[in-house]
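1. I'd like to go over a predicted model; first the sequence, then the structure.
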Amino acid sequence: SNEVFDNMCTTIGVGPGGTASGASIVTHTADCDDCDFRLAKTPKMEHPEGAKRPIYRYHRQYPRLVAEERGDTWKKENLETKFADTYASASWVSAQLVGYIDQVPSTHGLFEALFGMMNDAGVAIGESTCAAALTGRDPRPCPDCEGPLVDVGAVSLLALERCDTARCAVEMMGALAVKHGYYAASTEEGDAGEALIVSDPDEVYMMHLSPDDTGLSAVWVAYRLPEDHVTAAANSYVIRGVDTEDPNYLYSDNLWEVAERSGRAQYDTARAPNGQLDFAMTFSPDEYAKGMLKKPEYSTDRVWRVFSVLAPSRGFERTHSWLGDNLPLSVKVEKEVTVQDIMALNRDHYEGSDMDLTKGFAAGPFGSPIRYDPGYGFPGQTGTEDPKDNENGMTKWDRMHGAFPRAIGIMRTSWHFVAESRPNVPREMAGVMWYSQYQPSAGAYAPLYSSIEAVPEMYTRGSLYEYTEESSFWKFCTVGNYAQLAWKYIFPPVKAKQEELESGFLEKQVDVDKEAARLFKDGKDDEAVALLTKFSTDSAETIGAEWTKLLHYLFAKYHDGYTMILDEPVFRAVEYFYPRWWLVLTDYFTNVVEDHYYDQQLPSGYDTLDNVFGEKKKWVMEKLGMSPEGAAEAAPVALGGAAGGGGHGGEALAVVGVVCGLVGFVVGSRKNVRSGYSTIGDSGVDVRV
């Protein structure tokens with residue numbers, strides 16, 4: 001697991017007055033490198049008087065949970081891997097239990113994974129872990145021990161089990177955390193807080209949650225969005241002044257007491273009128289934590305991107321302040337937002353902006369937007385002050401202070417959804433969760449009605465331990481990883497297949513909705529639920545079958561540097577090779593040891609090679625119409641610099657391109673020495689010695 005980037009998710013919410021369908025929309029990309037990616041459907045249930053509801057310990061790795069009462073996904077019989085017997089053991093199962101609370105007479109059915117997602121009343125919750133100054137305690141070690149009882153997973157599940165509205169869910173999550181004690185995913189600053197976006201067909205709330213200063217309770221605040229606004233959270237708090245006179249704000253009674261008692265209370269009159277308590281300033285760390293020191297853009301760039309896409313005329317600029325001082329909590333959308341618009345944001349890599357991740361030297365010759373998380377190389381290697389201590393030659397300082405721009409769409413996503421809370425339909429049809437697994441750009445969304453009887457099987461199977469074709473995660477993962485080899489060639493067919501399938505599901509949904517509504521009206525509830533279940537299952541199975549065919553097509557169409565022409569009777573293989581700017585920066589035109597053509601063509605005065613590029617390389621570049629600097633600039637450059645620390649200027653990546661060219665040239669020269677050739681600097685020309 002990567003301690004710098006664990007579980008750093010993005011969540012977006014749009015009010016019902018800002019969408020084309022009139023539904024509230026919430027999305028959540030669960031960005032986690034080691035999470036159990038399976039989806040579960042817990043059925044609606046009736047409970048006897050005096051029943052207790054077990055509270056399970058936060059555990060994100062496979063298996064997230066082993067339990068018999070929460071649907072088929074978590075049952076022992078669904079366990080896989082060589083460790084299945086260990087997971088099914090009494091000691092493992094009992095160790096999951098933190099404690100109990102009183103059960104209620106009846107509970108909703110809901111979709112769940114690590115968190116609660118959506119219930120059969122159409123209430124949905126999106127989540128984003130936030131940095132927090134108050135980090136709390138570890139959970140109680142046993143049901144009868146002292147310590148906090150609930151984490152964000154537990155409160156989100158309980159709220160969806162028990163609530164018909166978003167407001168109820170917000171107030172219940174807050175009350176449970178305050179009463180029973182809230183513990184975070186970790187007691188480090190980078191993981192201790194939570195931002196939750198909660199929706200129903202009528203309202204959308206942004207909620208923040210933090211441990212209190214004792215570690216045995218919590219503080220929380222929430223804000224109800226204007227109905228035509230969008231909001232987003234990306235690992236930092238976004239609620240600033242808490243206006244006690246505005247009925248759109250909800251909060252815990254202990255908020256001011258904890259703020260003062262902890263010594264952290266901030267009353268920012270500039271950002272928070274009338275000296276209101278500034279939640280984000282009060283409960284956020286003084287610096288960005290969890291290895292992201294001085295890189296607030298890791299969070300604020302994603303929020304900026306959402307606002308700049310959905311409210312472009314506002315002209316929001318990127319901010320380098322930790323709390324995003326120039327970005328509002330929410331903004332009015334400038335067009336009616338569709339689920340496909342939100343899907344596109346989940347797949348976004350800043351395309352078309354100054355930070356376009358498909359551009360620049362880091363994107364490679366084929367424009368890949370994927371940027372791996374920083375690491376030290378082989379498993380077990382760590383960072384110290386000595387770069388010789390690991391394969392990548394990185395120090396701990398390097399890992400903390402460098403960064404690529406952090407997009408919403410990244411490769412380490414376990415699952416993601418776009419949930420519609422729809423008005424003016426039977427309650428059983430109110431919730432539709434468009435669901436997928438793995439990175440958003442590599443898969444397709446299937447519509448899952450929240451009242452369906454069971455989750456499609458391919459979403460309930462598999463683990464990170466081994467590949468299986470029964471799992472949609474692995475279907476999408478293979479396509480996503482293959483596309484990284486030559487993104488600008490391989491990704492377009494993937495995108496086309498996404499659009500084809502998702503548009504088709506949306507068209508079919510119109511007729512399915514009409515028929516299901518008729519059945520519910522006629523009192524044929526079981527038939528209606530069966531119809532919705534079949535549509536959801538058929539959609540998922542269509543994606544699974546089409547993705548297998550897509551992978552096979554991509555293998556045949558693109559491999560070994562060729563695009564294969566598959567639709568003509570005379571077979572052809574066409575080289576896609578490398579772009580010219582890449583060839584210049586990788587010494588393609590100048591690394592031949594004995595190039596008699598260029599030697600014969602060198603004009604007088606070019607026999608002395610007196611700079612690091614070499615006059616010979618300079619001459620070749622002049623023939624190509626480029627300078628060394630121009631070669632770097634010829635790369636499709638994404639300006640704006642890295643998302644953090646030292647690279648705020650727009651010139652940063654252009655400089656990187658030049659530096660990389662220099663490094664490549666020097667490394668190539670050293671390689672020549674090892675091979676028995678002299679370097680440019682030694683002799684003026686590359687000759688055998």
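-> Done, it's in. Numbers count the residues shown, from 1 in each chain.

2. residue 440 touches residue 349, doesn't it?
-> No: between residue 440 and residue 349 there is no contact under Cβ atoms under 8 Å: 10.1 Å. Placement of C-beta: from N, CA and C, glycine included.

3. overlap of the contact sets of the two?
-> Counting by Cβ atoms under 8 Å, 6 or more residues apart in numbering, the shared contacts of residue 440 and residue 349 are residue 409.

4. who's more crowded, these two?
-> Neighbour totals were compared for residue 440 and residue 349, and residue 440 leads with 29 against 26 (other Cβ atoms under 10 Å).

5. contacts only, for that one.
-> 29, 343, 346, 347, 408, 409, 413, 416.

6. JSON lines please, covering the residues you listed and showing distance to residue 122, secondary structure and neighbour count.
-> Shown next, in JSON lines, are these (distance: Cβ to Cβ, whole Å; DSSP: H, G, I helix; E, B strand; the rest coil; neighbours: other Cβ atoms under 10 Å):
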{"residue": "29", "distance to residue 122": "21", "secondary structure": "strand", "neighbour count": "30"}
{"residue": "343", "distance to residue 122": "19", "secondary structure": "helix", "neighbour count": "21"}
{"residue": "346", "distance to residue 122": "21", "secondary structure": "helix", "neighbour count": "23"}
{"residue": "347", "distance to residue 122": "25", "secondary structure": "coil", "neighbour count": "21"}
{"residue": "408", "distance to residue 122": "24", "secondary structure": "coil", "neighbour count": "27"}
{"residue": "409", "distance to residue 122": "26", "secondary structure": "coil", "neighbour count": "25"}
{"residue": "413", "distance to residue 122": "24", "secondary structure": "strand", "neighbour count": "29"}
{"residue": "416", "distance to residue 122": "19", "secondary structure": "strand", "neighbour count": "27"}
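
7. now the two most distant members of the residues you listed.
-> 343 and 413 (13.0 Å; Cβ to Cβ).

8. give me the packing partners of the longest helix belonging to the chain, helices and strands only.
-> Longest helix of the chain, by residue count under DSSP state H: helix 487-521. Counting contacts by 3 or more Cβ pairs under 8 Å, 6 or more residues apart in numbering; DSSP states H and E, helix 487-521 packs against helix 339-346, helix 427-430, strand 446-449, helix 472-483, helix 525-557.

9. to residue 76, which of those lies closest?
-> helix 472-483 (21.0 Å).

10. which residues touch that closest one?
-> 37, 411, 414-415, 436-439, 441-443, 458-459, 462, 467-469, 490-491, 494, 540, 543-544, 547-548, 550-551, 554-555.

11. which among those end up buried?
-> Listed as buried from the contacts of helix 472-483 are 37, 411, 414-415, 436-439, 441-443, 458-459, 462, 490-491, 494, 540, 543-544, 547, 550-551, 554; burial here means 16 or more other Cβ atoms under 10 Å.

12. correct me if wrong: residue 70 contacts residue 110.
-> No: counting by Cβ under 8 Å, residue 70 sits too far from residue 110 to count as a contact (9.5 Å).

13. need the residues touching each of those two.
-> residue 42.

14. which one's more surrounded, those two?
-> residue 110 (28 against 20).

15. ok, now which ones touch that one?
-> 41, 42, 116, 117, 118, 119, 120, 157, 160, 161, 450.

16. tell me where the stretch 301-450 of the chain has strands.
-> For the stretch 301-450 of the chain, strands defined by DSSP state E, counting those that start in this stretch occupy the ranges 330-332, 413-421, 431-437, 446-449.

17. tell me what the shortest one is packed against?
-> Under the contact criterion of 3+ Cβ pairs under 8 Å, 6+ apart, strand 330-332 touches strand 229-233.

18. circling back: kindly present the contacts of residue 110 as CSV, with separate columns for secondary structure and pLDDT.
-> Formatted as CSV, the contacts of residue 110 follow (DSSP: H, G, I helix; E, B strand; the rest coil; pLDDT from 0 to 100):
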residue, secondary structure, pLDDT
41, strand, 97
42, strand, 97
116, strand, 98
117, strand, 98
118, strand, 98
119, strand, 98
120, coil, 96
157, helix, 98
160, helix, 98
161, helix, 98
450, coil, 96
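
19. dump those residues to TSV, plus neighbour count and distance to residue 216.
-> Compiled in TSV, these are given as follows (neighbours: other Cβ atoms under 10 Å; distance: Cβ to Cβ, whole Å):
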residue	neighbour count	distance to residue 216
41	23	34
42	23	29
116	28	23
117	30	28
118	30	31
119	30	29
120	24	34
157	26	21
160	30	25
161	23	24
450	30	34
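
20. wait, which of those residues is closest to residue 562?
-> residue 117 (42.6 Å).

21. sec struct for the closest residue to the closest one other than its chain neighbours, please.
-> Sequence neighbours aside, residue 111 is the residue nearest to residue 117 in space, at 4.3 Å (criterion: Cβ to Cβ, 6 or more residues apart in numbering). Here residue 111 is recorded as strand under DSSP: H, G, I helix; E, B strand; the rest coil.

22. residue contacts, residue 111?
-> Residue 111 touches 39, 40, 41, 117, 118, 119, 417, 433, 435, 448, 450, 455, counting by Cβ under 8 Å, 6+ apart.

23. can you pull up the bridge partners for it?
-> Residue 111 forms beta bridges with residue 41, residue 118, as assigned by DSSP bridges.

24. burial count for the closest residue in space to residue 399 that isn't next to it in sequence?
-> Nearest non-adjacent residue to residue 399, counting by Cβ to Cβ, 6+ apart: residue 374, 4.8 Å away. Counted by other Cβ under 10 Å, the residues lying close to residue 374 total 18.

25. residue 374 contacts residue 394, correct?
-> Yes: if you go by Cβ under 8 Å, residue 374 and residue 394 touch, sitting 7.1 Å apart.

26. just name the shakiest helix or strand of the chain by mean pLDDT.
-> Here the helix or strand of the chain ranked lowest by mean pLDDT, DSSP states H and E is helix 680-683, holding a mean of 28.

27. need the helices for the stretch 51-200 of the chain, in chain order.
-> For the stretch 51-200 of the chain, applying DSSP state H, counting those that start in this stretch gives helices covering 84-88, 90-95, 152-162, 166-180.

28. and the last one, average pLDDT?
-> For helix 166-180, the per-residue pLDDT values average out at 98.

29. any regions of this protein where pLDDT drops low?
-> Where the chain drops to pLDDT under 70, the residues are 1-7, 189-190, 269-274, 287-295, 591-689.

30. quick check: residue 11 is in a helix.
-> No: assigned with three-state DSSP, residue 11 falls outside any helix and is strand.

31. find the nearest non-adjacent residue to residue 407, please.
-> Nearest residue to residue 407, sequence neighbours excluded (Cβ to Cβ, 6+ apart): residue 349, at 4.6 Å.

32. next one: residue 335
-> Using Cβ to Cβ, 6+ apart and skipping the chain neighbours, the partner closest in space to residue 335 is residue 310 (7.6 Å).

33. and what of residue 67?
-> In this structure, residue 67 finds its nearest non-sequential neighbour in residue 74, 4.8 Å apart by Cβ to Cβ, 6+ apart.

34. could you pull up phi and psi at the one you found?
-> Backbone torsions of residue 74, given as degrees, to the nearest 10, read phi -90, psi 0.

35. number of residues surrounding it?
-> With other Cβ under 10 Å as criterion, residue 74 counts 22.

36. that one and residue 68, how far apart?
-> Counting by Cβ to Cβ, to the nearest Å, the gap from residue 74 to residue 68 is 8 Å.

37. same check on residue 527?
-> Going from residue 527 to residue 68 by Cβ to Cβ gives 29 Å.

38. those two: which has the busier surroundings?
-> When residue 527 and residue 68 are compared for neighbours, residue 527 comes out ahead with 15 against 11, by other Cβ under 10 Å.

39. which ones are touching the more buried one?
-> Residue 527 sits next to residue 519 when contact means Cβ under 8 Å, 6+ apart.

40. against residue 100, how distant is the residue nearest to residue 117?
-> Counting by Cβ to Cβ - residue 111 and residue 100 are separated by 24 Å.

41. likewise residue 257?
-> Separation of residue 257 from residue 100 (Cβ to Cβ) stands at 29 Å.

42. residue 370 too?
-> The gap separating residue 370 from residue 100 is 44 Å, by Cβ to Cβ.
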